[in-house]
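Participant: Here is the input, now give the coordinates:
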Amino acid sequence: MLKNFFSFVFELIKIIVISLVIIIPIRYFLIQPFYVKGASMEPNFHDHEYLIIDEITYRFNDPVRGDIIVFRYPRNPQEFFIKRLIGLPGEEIQIASGNVTIFNSENPEGVVLDEYYLPEDIKTYGLSEEKVELEEDEYFVLGDNRNSSKDSRSFGPVNESYITGRVLLRGWPFNRIELFKTTEYSF
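Facilitator: Below you'll find the model as predicted:
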């Protein structure tokens, strides 16, 4: 009987160790759960939703315009934010007349971003119509709920070192499960 007990305990310890060897690297290096708190990304993401964040893609590829990213808040790195990536390194961003205009080498005269994922009545305001120049390691992010979002309009560009990863999957609630791809813009 004592032999059976020790055999059971040994098997249990093996299962726990093997599980930890598998789970810990996945959790800390590949994907991470994220809990949405607040309304800054409505109507596309709601308060109390659970997301899975892809942490590995940006180790091999640069972030892409339209990605929905999780990053550390530049003014308090203990906090995490979720926003849509709008401006890329080396670009200039201008917000005027309710629109976001991107200036880059392909569009030196600027191109208005077609944000089809936003409700038609949502307009983007802020920055007093001046251009924001992004450094080679900076990104411009905006919340989808433009009137209720603390984003690059208030705290400035996000340094690449603060980006945790991109949203891969909404896992909760079950009726809103969705795999996310990068938003494509037509320029």
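Participant: Can you pull out the low-pLDDT segments for this protein?
Facilitator: For the chain, the stretches with pLDDT under 70 are 1-2, 19-36, 38-39, 42, 46, 127-129, 169, 171, 177-179, 185-187.
Participant: Would you point out which residue is most central in the chain?
Facilitator: By C-alpha atoms, centre = their mean, the chain has its centre lying nearest to I69, at 1.1 Å.
Participant: So that one is in contact with L85, correct?
Facilitator: Yes - between I69 and L85 there is a contact under C-beta atoms under 8 Å: 5.4 Å. Every C-beta, even on glycine, is put in place using the N, C-alpha and C of the backbone.
Participant: overlap in contacts of these two?
Facilitator: 63, 139, 141 (C-beta atoms under 8 Å, 6 or more residues apart in numbering).
Participant: what's the helix or strand for the second one?
Facilitator: The one in question is Y139. strand 138-142 (DSSP states H and E).
Participant: What strands line up against that strand, and which way round?
Facilitator: Applying DSSP bridges, strand 138-142 is found paired with strand 76-87 (antiparallel), strand 158-159 (antiparallel).
Participant: Quick check: bridge partners of the residue nearest to the centre of the chain?
Facilitator: Residues in beta-bridge contact with I69 (DSSP bridges): K83, R166.
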